[in-house]
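Undergrad: task: produce atomic coordinates for the following.
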Amino acid sequence: MSGDGDSGGGAHVQIGSITGGSQAFGAHGKAESTNHTVVVSDPKQQELLGRVRALRGELSRADELTAADEALDAELGEVEREIGRVGHGGSGPLGRLRTRLEQYGAAAATAASVTAVLQAIAQITG
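TA: Below is the predicted model of the structure:
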């Protein structure tokens, strides 16, 4: 995805930007890295995370992304990061994602994945 800054793991170095990994520069440079892994124990949250990742994967394979695609990817990314960070999606991000998907779903070429994510959110939020 363009501009989301998330390389999906590992280090990524670009002129003017470094994401992921640990780097140190200069004679006294020191690099430290701390990684935290959250195990998602709720099966509904695991299902949502899998469906969010699948939809993001479909969007990333698109030849050209519209502004709506990029906005949807940003919402999906926020939910994915939150589940990875704390083990569940909060009501704010899930509500925003649900609204975005409902607006997006009618015109989406990825309608099956949009529907699957909406169903997974409904199981969690009711």
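Undergrad: helix or strand right after the lengthiest helix in the chain?
TA: Longest helix of the chain, by residue count under DSSP state H: helix 67-86. Per DSSP states H and E, the first helix or strand lying C-terminal to helix 67-86 is helix 91-105.
Undergrad: picking that back up, tell me the angle of the longest helix of the chain relative to helix 91-105?
TA: On the basis of axes from the mean of the first three to the mean of the last three CA atoms, to 10 degrees, helix 67-86 is oriented at 150 degrees to helix 91-105.
Undergrad: buried stuff in stretch 49-56?
TA: Residues of stretch 49-56 classed as buried: 49, 51-52, 55-56 (neighbour count, 16 or more other CB atoms under 10 Å). Placement of C-beta: from N, CA and C, glycine included.
Undergrad: hmm, I was thinking of stretch 67-84
TA: For stretch 67-84, the neighbour count (16+ other CB under 10 Å) marks 69, 72-73, 75-80, 82-83 as buried.
Undergrad: can you give me every residue that contacts the closest residue to Y104 other than its chain neighbours?
TA: Of all residues not flanking Y104 in the chain, L72 sits nearest, at 5.3 Å (CB to CB, 6 or more residues apart in numbering). L72 is in contact with 59, 100-101, 104, counting by CB atoms under 8 Å, 6 or more residues apart in numbering.
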